[in-house]
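[1] Got a predicted structure here, sequence first:
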Amino acid sequence: MAKRRPPRSKIHRQIASKPSKPGIDFQRWIPTLAQLAALWFVFAALEVALNALIPGSALRNEGLSRGARLGLVSYDLALLVVFVLVIGGPLTLLVRLGESGVRPGIRWVIRGLLMVWAWVAVLLYGASWATFWNAGVFIDREAFIFMVPHPVQVFHWVYPPLAIGILVATLLVGVGVSEGLPRWVARRRPAWQRHLALAVGGAVGVCLVGALLSELMYGWGGIEAAPSDTPYAVNRDDRSGPFAHALAGLRRSVWSPPEQQVVKGNIKVSRRPIISMEQYLAGVARDRVKPWNVIILLIESLRSDQLRVYGGSRDVMPTLDALARESRVFTNAYIQASHSNYEDLVPLSSHYPLRSIEMYEYPKNPTYPRMLIYDVLKPLGYQTAIFSSQNENWGGMINYLQTGNLDRVFHAETFGGPTYTPWADTGFAEWVKETKGAGSVDDRYTVGEAMQWIDTLGGRPFFMYMNLQSSHVPYIVPPDFPHRFSPKKLDFTIMWGKFPRDKVEVVKAVYADSLAYIDSQLERLFEHLRLRGLWDHTVIVVGGDNGEAFYEHGFASHASALFNEVMKVPLIIRAPGLVPGLDNRPAMHLDDAPSVFHLLGLPPHPSFQGISLFQPRANPDRSIYMIAQTPLAYQFAIVRSGFKLIWDQRLRGYFLYDLGQDPGEKDNIARSRPDLVEELTGRLRAWREEQIVYYADRDRHTREYPPFFAD
């Protein structure tokens with residue numbers, strides 16, 4: 001008579017075919033090892049597939065040899081063991097807690113915790129690969145710092161089908177690895193489980209050997225060896241997969257070698273003592289102050305090449321070009337940061353946005369001094385207002401802006417009418433509006449509200465800051481506005497930082513139409529000023545809050561690397577009686593407030609870190625400093641004497657460009673000009689250190705303003 005087959009195991013039952021012996025019973029752990037092995041196999045297959053399918057990954061990089069690419073995949077799969085233990089360890093523990101003898105209610109709670117834990121882990125994994133596909137970077141510590149305070153704003157810019165697809169797919173995979181996979185493995189025979197564990201163990205061993213050989217051949221002095229910024233090292237740390245990137249981030253933050261020691265440049269730093277408003281006003285010759293109105297207007301993502309006055313080839317913004325013809329146009333102007341939450345406050349404060357070694361969120365009631373342009377104009381009798389199409393809660397900007405000297409603040413949170421999200425989803429837009437954390441206002445409403453406010457002032461001088469947003473990616477053009485450059489319907493989607501590379505010209509056309517729409521709103525505003533008799537008594541400053549990239553250096557949009565397509569912007573200043581013309585002196589938005597004060601006849605405030613652009617003698621060798629602190633880039637840059645140096649904090653690499661010979665920043669000459677790298681690095685680090693040390697020292701906040709750099 002044939003023997004009966006023993007019953008198959010359940011997820012919580014361990015195999016015990018023989019009485020246990022003293023010591024470790026390895027047989028008892030076979031089912032657990034088999035489940036972990038199956039988990040590794042599933043994610044290994046997924047990891048290889050994603051590496052093979054997503055452009056920009058290490059496996060797709062044909063610039064590396066085949067051996068190097070296979071070695072990088074081996075490296076990534078070897079690190080996958082850690083991920084499996086992170087997920088599988090708690091899963092195994094929870095499974096044991098849910099074994100027989102536990103009440104059914106508790107068992108269901110444990111199963112729920114199993115699924116939640118697995119889903120969160122898989123969600124992070126899937127979101128990291130989706131972020132790499134979309135923006136070329138994996139999620140890391142900096143990304144968490146960026147996203148956690150404002151998840152709604154981040155989600156606001158995510159393409160809904162992509163977001164929903166990730167949520168659904170990762171939920172299914174999470175349920176599969178917490179419920180389906182363990183049950184399926186538990187039903188296999190002990191011999192099959194043993195073979196699976198041994199096979200995966202062997203595969204992991206092969207991957208470890210392959211990773212080690214790859215490091216020996218390509219990373220530590222072999223065929224493609226070089227420092228940490230070589231193609232092999234960059235692909236290993238930033239393009240192989242989420243696990244390799246996480247390890248690289250840990251290594252950079254804990255075990256990175258100290259920065260190369262360089263001699264600090266001859267940067268002159270002034271530390272100006274804090275004075276009261278009464279002390280400042282005592283030095284104002286009020287009979288010489290011109291009570292002109294002041295409008296500072298930032299246009300989202302405005303590139304210089306979209307204007308005729310900067311060499312543009314088509315009439316994208318005829319109203320702004322007409323303004324430029326009666327204005328001083330600065331042709332060598334830079335912003336100080338590649339992202340709005342840093343840059344948008346610079347024209348108002350004349351303060352560099354670097355305040356921390358990590359991404360910075362503006363707190364309520366900061367300890368450091370602020371003296372925004374309207375804080376000075378308010379006691380001189382000005383009415384003051386902000387009209388912004390964006391939500392100023394982003395990054396805590398509203399905390400910085402609210403100094404107590406604003407008569408009106410209008411932005412997406414305070415607007416009672418309809419706000420929009422980039423994807424024309426009214427339901428999502430309403431939910432976003434209710435959170436008061438995101439959403440945008442159609443620029444026609446922003447301009448309309450500004451004009452209504454001007455009409456209530458009765459001729460009193462006013463200061464107004466405006467921020468217009470229709471030109472933010474994906475470049476919103478209302479249905480009732482004519483498309484002069486682009487088709488009304490696209491057969492592809494423009495996402496944040498990503499669209500088909502063969503569609504660049506079409507995307508630029510959509511971008512141009514969004515700027516044309518903003519230009520039509522400027523025409524309304526300017527005509528309103530003329531009709532009210534205010535034009536000849538108003539100073540107008542117009543600039544881009546940043547530029548925009550269209551894959552010139554491998555990325556799209558902004559908030560990324562400090563290349564000129566993002567950092568060099570228009571800066572146009574119009575004032576009554578000001579002689580129009582082009583001016584190529586080094587200029588920054590940092591100079592907006594001092595320049596406005598110069599035009600009004602006010603002395604510069606000692607808190608300003610910028611200078612007036614109307615000083616008769618310009619310094620052609622003036623240093624311009626810039627930063628990026630986002631999940632996409634951690635960089636610092638200096639432009640001086642026709643050269644630009646970028647220091648990448650993550651890669652600890654230098655990029656030097658001769659802007660006169662190479663305006664497109666294609667040829668990195670850092671290795672051939674070590675003397676210039678050392679000089680510019682010294683200045684850049686001295687500036688960076690002065691900024692960070694000042695903002696970390698609360699005692700200095702009570703005595704002095706941020707340092708002034710006579711550089």
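    It's in. Numbers count the residues shown, from 1 in each chain.
[2] List the buried residues in stretch 523-535.
    Within stretch 523-535, the residues that count as buried by 16 or more other Cβ atoms under 10 Å are 523-526, 528-529, 534-535. C-beta: built from backbone N, CA, C; applies to glycine.
[3] What about residue 484, how many residues nearby?
    When neighbours are defined as other Cβ atoms under 10 Å, residue 484 has 14 of them.
[4] For it, what are phi and psi?
    phi -90, psi -20 (degrees, to the nearest 10).
[5] so it sits right up against residue 513, yeah?
    Yes: Residue 484 is within contact range of residue 513, at 6.2 Å (criterion: Cβ atoms under 8 Å).
[6] From residue 457, how far off is the closest residue to residue 554 other than its chain neighbours?
    Excluding its sequence neighbours, the residue lying closest to residue 554 (Cβ to Cβ, 6 or more residues apart in numbering) is residue 136, at 7.1 Å. Per Cβ to Cβ, to the nearest Å, residue 136 is found 48 Å from residue 457.
[7] what domains does the record give for this structure?
    Taking automatic domain parsing as the domain assignment, the ranges for the chain are 26-254, 292-615.
[8] got a pLDDT number for the residue nearest to residue 346 when sequence neighbours are not counted?
    Excluding the flanking residues, the one nearest residue 346 by Cβ to Cβ, 6+ apart is residue 589, at 4.7 Å. pLDDT, residue 589: 97.
[9] Let me know the average pLDDT across stretch 613-626.
    Stretch 613-626 comes out at a mean pLDDT of 94.
[10] Quote the end-to-end distance of it.
    Start and end residues of stretch 613-626 are separated by 18 Å (Cα to Cα, to the nearest Å).
[11] Tell me how far it lies from the chain's centre.
    A distance of 28 Å separates the centroid of the chain from that of stretch 613-626, by Cα atoms, centre = their mean, to the nearest Å.
[12] Isn't residue 142 up against residue 358?
    Yes: with contacts counted by Cβ under 8 Å, residue 142 reaches residue 358, the gap being 7.3 Å.
[13] Next, show the common contact partners of those two.
    By the contact definition Cβ atoms under 8 Å, 6 or more residues apart in numbering, residue 142 and residue 358 are jointly contacted by residue 629.
[14] Which of the two has more residues huddled nearby?
    residue 142 (20 against 12).
[15] so which helix or strand takes in the more buried one?
    Secondary structure assignment for residue 142, by DSSP states H and E: helix 141-147.
[16] Once you drop chain neighbours, what's closest to residue 236?
    The spatially closest residue to residue 236, leaving aside those adjacent along the chain, is residue 72, at 5.6 Å (Cβ to Cβ, 6+ apart).
[17] how about the one you found, secondary structure?
    Of the three states, residue 72 takes helix under DSSP: H, G, I helix; E, B strand; the rest coil.
[18] mind listing what it touches?
    So residue 72 contacts 58-59, 64, 214, 232, 235-236, 240, 244 (Cβ under 8 Å, 6+ apart).
[19] In those residues, find the pair that's most separated.
    Greatest spatial distance among the contacts of residue 72 (Cβ to Cβ): 64 and 244, at 14.3 Å.
[20] Neighbour count for residue 136 and residue 457, which is higher?
    Taking other Cβ under 10 Å, residue 136 and residue 457 do not tie; residue 136 has more neighbours (20 against 16).
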